[in-house]
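# Starting from these lines, generate the structure:
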Amino acid sequence: MELLTAKWLVSPAAQPALEQAAAFADPRSLAAGSAMRKRWTPEQSAAALTQVALRRKAVGKFGESAARLFFTPDGLQQATRAAVASWRAGQLRTAGASAVTDLGCGIAADSIAFARAGLRVRAVECDPVTAVLAAANLRAACPDGAAEVIQAAAQQDESVTVGQSADQAVFLDPARRTGDRRSWRLEDLSPSWEFCLDALRRQQLGCVKAGPGLEHSLIPDELGAVWVSESGELVELCLWSGNAAYPAGSRTALLLPQGDELPIPARAAPAERTGQPRYLYEPDPAVIRAGGVTQVAEAVAGWPLRPGIGYIASEQLIRSGFATAFTVLAELAFDERTLRSWVKANDIGILELKTRGLAVDPAVLRRRLRPRGHNSATLILAPTDAGARAFVVQRSF
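Modelled structure (predicted):
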């Protein structure tokens, strides 16, 4: 989208076009494009139709407010979910910030949360089109003028350097794309990983949003690390400096929307096997990435099914907010013919396959097992000390 079109899109003049585009069931269809071009230029038509499609896609992240925001495809993909952004903004307020500089604000998802939390916001975005959309989003969210957008490259423009006052915080969400593809490699981040870490070192209070798969060895010891999941989906790794809630060297798993936190000790001896697995526990993915499997195993009187796999076995059924519990109904050899016979004998038509630690594509295996019956079942496939096994399970809680 060209800059001139972006400025039109966020102006009152574009509202009739957006309303017309929203009336189409499929804004990507040829019919929608043809109808729109009867009144609007090709560029305007494409911009309005694309915006409507992006807003519908954004509902999962932003709920009803998605209908009032402006997006780019990349901006939507990288934007922080509303619940996570709200949590982060609350953390900054609790830690003593009254203002925040958002370096690499994108479409301003986090900046909106900062403003709604009562923080003064200076949002910096290098892409001119994205900056226009971000400014429009912030104007709608905080009409009192407590937020501004600066179009600049944070890494090259010293004028956006963060101040050193105790109430000033910095937040960085570096772009994670190279060309037309998404990348999680540190060398592909923009601003660079080194710039982000240096910004945290220079500022008393700050936070960097990183990919949740970042290796623990790459996290500086002076930062606190929080792996965040929302509704059971691992969404980000949040690295903190100057936040007493997550001090240097700490590791924490955070589960949203409930807000449960599991601090992970530096060293925890794995529990030893004590009996037959009557129950299996699947820790939340944030717990697994943070290294908290052993801690959850202790809480449910269990042991890792196998070190490094993530599943926990136990003889007891104990409720945990950090794991889903399954009752083991049967244990089978992990053999395709054995599993196919079991599926047929039990008249299974709906088959859920959960696996870790095995080179298995669940979708491919499901087709090969030919579930065509009337019953449903869940299988957990995992390596054990006795070899790969298939556990027939039922969710307990």
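
# Can you check the pLDDT for Gly275?
At Gly275, the pLDDT value in this model is 73.

# Can you tell me the element the most centrally placed residue in the chain falls in?
Central residue of the chain (C-alpha atoms, centre = their mean): Val235, 1.8 Å from the mean position. When elements are assigned from DSSP states H and E, Val235 belongs to strand 233-241.

# same deal with Thr130?
helix 128-141.

# Show me what counts as buried in that helix.
Val129, Thr130, Ala131, Val132, Leu133, Ala134, Ala135, Ala136, Asn137, Leu138, Ala141 (16 or more other C-beta atoms under 10 Å). C-beta here means a position set from N, CA and C on the backbone, and glycine is covered the same way.

# ditto for stretch 28-37
Buried-residue list, stretch 28-37, by 16+ other C-beta under 10 Å: Ala32, Gly33, Ala35, Met36.

# Among those, which pair sits farthest apart?
Spatially, the most separated pair among those is Gly33 and Ala35, at 7.4 Å (C-beta to C-beta).

# mind listing the helices for the stretch 51-200 of the chain?
Along the stretch 51-200 of the chain, counting by DSSP state H, counting those that start in this stretch, helices occupy 59-62, 73-78, 82-94, 109-116, 128-141, 193-202.

# Can you tell me what sits against the shortest one?
In this structure, residues lying in contact with helix 59-62 by C-beta atoms under 8 Å, 6 or more residues apart in numbering are Ala66, Leu69, Leu76, Ala79, Arg81, Ala82, Ala109.

# Please work out how many residues are found near the fifth one.
This means Arg81. A count of nearby residues for Arg81, using other C-beta atoms under 10 Å, gives 21.

# surely it meets Val235?
Yes - if you go by C-beta atoms under 8 Å, Arg81 and Val235 touch, sitting 6.2 Å apart.

# so which of the buried residues of helix 128-141 comes closest to Ala13?
Scanning the buried residues of helix 128-141 for proximity to Ala13, where the rule is C-beta to C-beta, the winner is Ala136, at 13.0 Å.

# for the closest one, what are its contacts?
By C-beta under 8 Å, 6+ apart, the neighbours of Ala136 are Val10, Phe70.

# Could I get the pLDDT score of it?
96.

# Kindly report the same for Gly308.
In this model, Gly308 carries a pLDDT of 86.

# from what I can see it touches Arg356, true?
No - Gly308 lies out of contact with Arg356 (C-beta under 8 Å); the separation is 9.2 Å.

# Which residue of those two possesses the greater neighbour count?
When neighbours are counted by other C-beta under 10 Å, Gly308 and Arg356 differ, and Arg356 comes out ahead with 17 against 11.

# Against Leu280, how distant is the more buried one?
Going from Arg356 to Leu280 by C-beta to C-beta, to the nearest Å gives 11 Å.

# Spit out the residues that contact those two alike.
Going by C-beta under 8 Å, 6+ apart, residues that sit against Arg356 and also against Leu280 are Tyr311.

# Could I get the contacting residues of Pro73?
Residues near Pro73 by C-beta under 8 Å, 6+ apart: Leu54.

# Going forward, count from 34.
Happy to do that; since the first residue is 34 now, the last one works out to Pro106.

# Relative to Ala169, how far out is it?
Where Ala169 is concerned, Pro106 sits at a distance of 17 Å (C-beta to C-beta).

# what does Arg121 give?
Distance, Arg121 to Ala169, by C-beta to C-beta: 22 Å.

# Okay, domains of the protein per the record?
If you go by automatic domain parsing, the domain ranges for the chain are 36-89, 109-296, 312-428.

# end-to-end on the shortest one?
With C-alpha to C-alpha, to the nearest Å as the measure, the first residue of domain 36-89 is 23 Å from its last.

# and if you look at the longest one?
Between the start and the finish of domain 109-296 there is a gap of 31 Å, counting by C-alpha to C-alpha.

# what separates it from the chain centre, distance-wise?
Taking C-alpha atoms, centre = their mean, to the nearest Å, one finds domain 109-296 lying 13 Å from the centre of the chain it belongs to.

# Name the residues of stretch 78-97 that are buried.
So, applying 16+ other C-beta under 10 Å, buried residues of stretch 78-97: 78-88, 91, 94-95.

# which one among these gets closest to Ser429?
Lys94 (30.7 Å).

# tell me the pLDDT at the closest one?
90.

# so how far is Gly108 from it?
On the measure of C-beta to C-beta, Lys94 and Gly108 end up 11 Å apart.

# what do you get for Glu385?
34 Å.

# in the stretch 234-383 of the chain, which spans are helices?
318-323, 326-332, 369-378.

# The second one - contacts with which helices or strands?
Just to be clear, that refers to helix 326-332. The contact analysis (3 or more C-beta pairs under 8 Å, 6 or more residues apart in numbering; DSSP states H and E) places helix 326-332 against strand 293-297, strand 312-316, helix 318-323, strand 335-337, strand 345-347.

# Quick one: end-to-end distance for stretch 47-65.
Stretch 47-65 end-to-end distance (C-alpha to C-alpha) = 16 Å.

# Distance from the chain centre to that stretch, please.
29 Å.

# Buried residues of that stretch, list them for me.
For stretch 47-65, by 16+ other C-beta under 10 Å, it's Ala47, Ala50, Leu51, Gln53, Ala54, Phe57, Pro60, Ala65.

# Stretch 242-250 too?
Burial within stretch 242-250, assessed by neighbour count using 16+ other C-beta under 10 Å, is assigned to Lys242, Ala243, Gly244, Pro245, Leu247.

# residue contacts, the fourth one?
Think Pro245. Trp260, Val261, Leu267, Val268, Glu269, Leu270, Pro318, Ala319, Arg322.

# Can you convert those into a markdown table and add a column each for distance to Glu331 and pLDDT?
Below are those laid out as a markdown table (distance: C-beta to C-beta, whole Å; pLDDT from 0 to 100):
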| residue | distance to Glu331 | pLDDT |
| --- | --- | --- |
| Trp260 | 19 | 98 |
| Val261 | 23 | 98 |
| Leu267 | 22 | 97 |
| Val268 | 26 | 95 |
| Glu269 | 27 | 96 |
| Leu270 | 24 | 97 |
| Pro318 | 19 | 97 |
| Ala319 | 18 | 98 |
| Arg322 | 18 | 96 |
